[in-house]
Each structure stands twice: as C-alpha cells, then as structure tokens.
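J.: sequence and predicted model, in that order:
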Amino acid sequence: MALPTPAGWDCHAHVFGPYERYPLAAQRSYTPPEATVAQYLALLDRLGLSHGVLVHPSAYGDDASLLLDVLASHERLRGVMVLRAEQQPALAGLRDRGVRAARFSHRSGAAGNFAGSASFDDLLALAPALADAGLHAELWTDCRALPELAPRLRALPVPVVIDHMGGFDASAGVDEPGFRTLLKLVESGHAWVKLCAYRNLLGRPDFEAGRVFHEALLAANPLRLLWGSDWPHLRVEPAPDAAELLATFRRWTGDEALATQILVANPAALYA
C-alpha cells in the first residue's frame, strides 16, 4: 500500500518557554510572551501541516537548550540554530539531533547585525564546516543589502535560505534593484526564499500589495520556495492568524499542485 502524502511543512516558527525552565537571555532586545511547543504543535494540527521548523530566536542569545530539548522530543520538528565562528562550534552530530541549518543576519543600515544574531562574517567562516556537517545556512537580510552580498552568496558551498522574502519594500515595487537581485539568486538556484510576506506589509490596509512579489518569485523558480508562518508573530500587534496567512499563500499561488510542491517537496529537500 502506498504511504499517504505528507501534509506539508511550516518552515519558520519560534517557541519560548516555559520561562521557569528556559529563561530568556539577560541581554536581549525584546521580551516575548511564552509560546510553548504544545501551542505550536496545536497550530500545526489546525493548519493541517505535518512538520515544522523552529528557528532559534535572538531573545535566547546563544542558549539553544530549549530548541535541542524540543527536537529530541518531537520527530515532526526540525531546528535552525544560531552559531558563531568565534565559539568554534562543534557541528558534528547536530544533524542527528534534528538541526538542519545555522541562522545568520546582515541587514542594511548602520546596525547590520543584531544582538543575539550571528553575522554574515560568521557565515563566511563557518560555511565549509556547515557543508561538511550536512547543514545549510539561513540568512535574515533585506533587499537593500542583497546587491552587495549576492556575489559571496553565489560562492558559498552550502544552500542559503533567505527569510521573509528578502524584506522587500512594497512601495519600491518588483523592479527595485535589490528585489531583482533576489529573483536572480532564486532563478539560478543560488538561494531559497521563505514566502512569508506579512512583515513587509505592516501598516497597509491589506496584504494584497505583496502578491506581485510572491508571483515574481513563483515565476523565477518555484523549486526554490518555502512557506513559513513566522508564528508567534513577534512584536506584531495585532498578530495575524497563521491560518489566514496559509490561505493567502494558497490563493496567491493559485495552482494546488504548485502549492503542494512548495509545502511538501521543497522543504523535504532541506529539512527531512
């Protein structure tokens, strides 16, 4: 008998707490409410998804104990850790513990990198070791930074997943040079992108301004696209309903077979 088709992956979420067991880092830029793994698993069930990817949040600093404990207890979850070159992290064995990637940040502006995040220089230093360990890289960046970063991204020995659709500027449009750089990276297969648009659309009356960016990425290379809920929607009030975000993804994608490709086959290549 053929096995049933997996229901799909949410490729970007975070968990917090319970804080009596997993306290936040003393030095942090925000203090989120608890968002436990039990709550997240209930969300996956409500969305009809089989698997989730938990991304190590900066509010935990370098402490990955919550992430690793959750991965050890839940086979349907995978993890993305913050790893810094200066710590000379031991990467061997992380894949066996459910970790699939390391997360780094580089955004435009004076700050560029953020407290609790590993830098783009960390990515450059760790990339060969990540490749040896069977891990990929995930990058929080924005389209204004991408033209500078693109040549180095193309040269990396590991797959690179770009969060939040590259932080596109909805007012600048799809022909903005940074977003065109993102499209070229996706088209050539040098980058994967998480289709999580809403953070780039805050303050707008609705999310429809993001549709043309979604459609442009679909046209560039649907085999390099993933979907993420971004639950629990940190520092966004009011928080969106993840079910509505998933429904918007399906509506913008249009074709159910293509939506299944993005929800099932594509993430399995990186996270299974």
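T.: Everything's here; your move.
J.: which stretches of the stretch 1-150 of the chain have low pLDDT?
T.: The model of the stretch 1-150 of the chain has pLDDT under 70 over residues 1-6, 109-116.
J.: helices along that one, start to end?
T.: Along the stretch 1-150 of the chain, the segments classed as helices by DSSP state H, counting those that start in this stretch run 37-47, 65-73, 120-132, 146-155.
J.: looking at the ones you listed, spot the one closest to Gly254.
T.: Checking these against Gly254 by CB to CB gives helix 37-47 as the closest, at 19.2 Å. The way it works is simple: take the backbone N, C-alpha and C, and place the C-beta from them, glycine included.
J.: which residue ranges form the strands in the stretch 51-200 of the chain?
T.: When secondary structure is read from DSSP state E, counting those that start in this stretch, the stretch 51-200 of the chain shows strands at 51-55, 77-82, 99-106, 118-119, 136-141, 160-162, 192-195.
J.: of all those, which one comes closest to Arg211?
T.: With distances scored as CB to CB, the stretch of the strands of the stretch 51-200 of the chain nearest to Arg211 is strand 192-195 (11.2 Å).
J.: could I get the CA-only coordinates of that closest one as CSV?
T.: Written as CSV, here are the backbone C-alpha positions of strand 192-195 (Å, rounded to 0.1, in the frame of the first residue of the first chain):
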residue,chain,number,x,y,z
TRP,A,192,15.9,29.6,-1.4
VAL,A,193,13.3,32.0,-0.2
LYS,A,194,10.7,31.7,2.6
LEU,A,195,7.3,33.0,1.3
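J.: who are the packing partners of the very next helix or strand once past that strand?
T.: Stepping forward along the backbone from strand 192-195, the first helix or strand reached (DSSP states H and E) is helix 211-220. Contacting helix 211-220 under the criterion 3 or more CB pairs under 8 Å, 6 or more residues apart in numbering; DSSP states H and E are the following elements: helix 177-187, strand 192-195, helix 242-253.
J.: follow-up on the earlier one: please work out which of the helices of the stretch 1-150 of the chain is packed deepest.
T.: Burial of these is given as mean neighbour count (mean count of other CB atoms under 10 Å); helix 120-132 ranks first at a mean of 19.
J.: list the contacts of it.
T.: 83-86, 89, 91, 101-102, 104-106, 112-113, 136-137, 139, 149, 152, 156-158 (CB atoms under 8 Å, 6 or more residues apart in numbering).
J.: list the residues that contact Trp19.
T.: You called it Trp, but residue 19 is Tyr. Glu34.
J.: is it correct that Phe16 is in contact with Pro57?
T.: Yes. Applying CB atoms under 8 Å as the test, Phe16 and Pro57 come out as touching, 7.0 Å apart.
J.: out of the two, which sits in the busier spot?
T.: Comparing Phe16 with Pro57 by other CB atoms under 10 Å, the one with more neighbours is Pro57, at 25 against 22.
J.: surely the more buried one meets Ala13?
T.: No. Applying CB under 8 Å as the test, Pro57 and Ala13 come out as separate, 9.9 Å apart.
J.: please identify the buried residues of stretch 213-231?
T.: For stretch 213-231, the buried set under the neighbour-count rule, 16 or more other CB atoms under 10 Å, comprises 213-214, 216-218, 220-222, 224-231.
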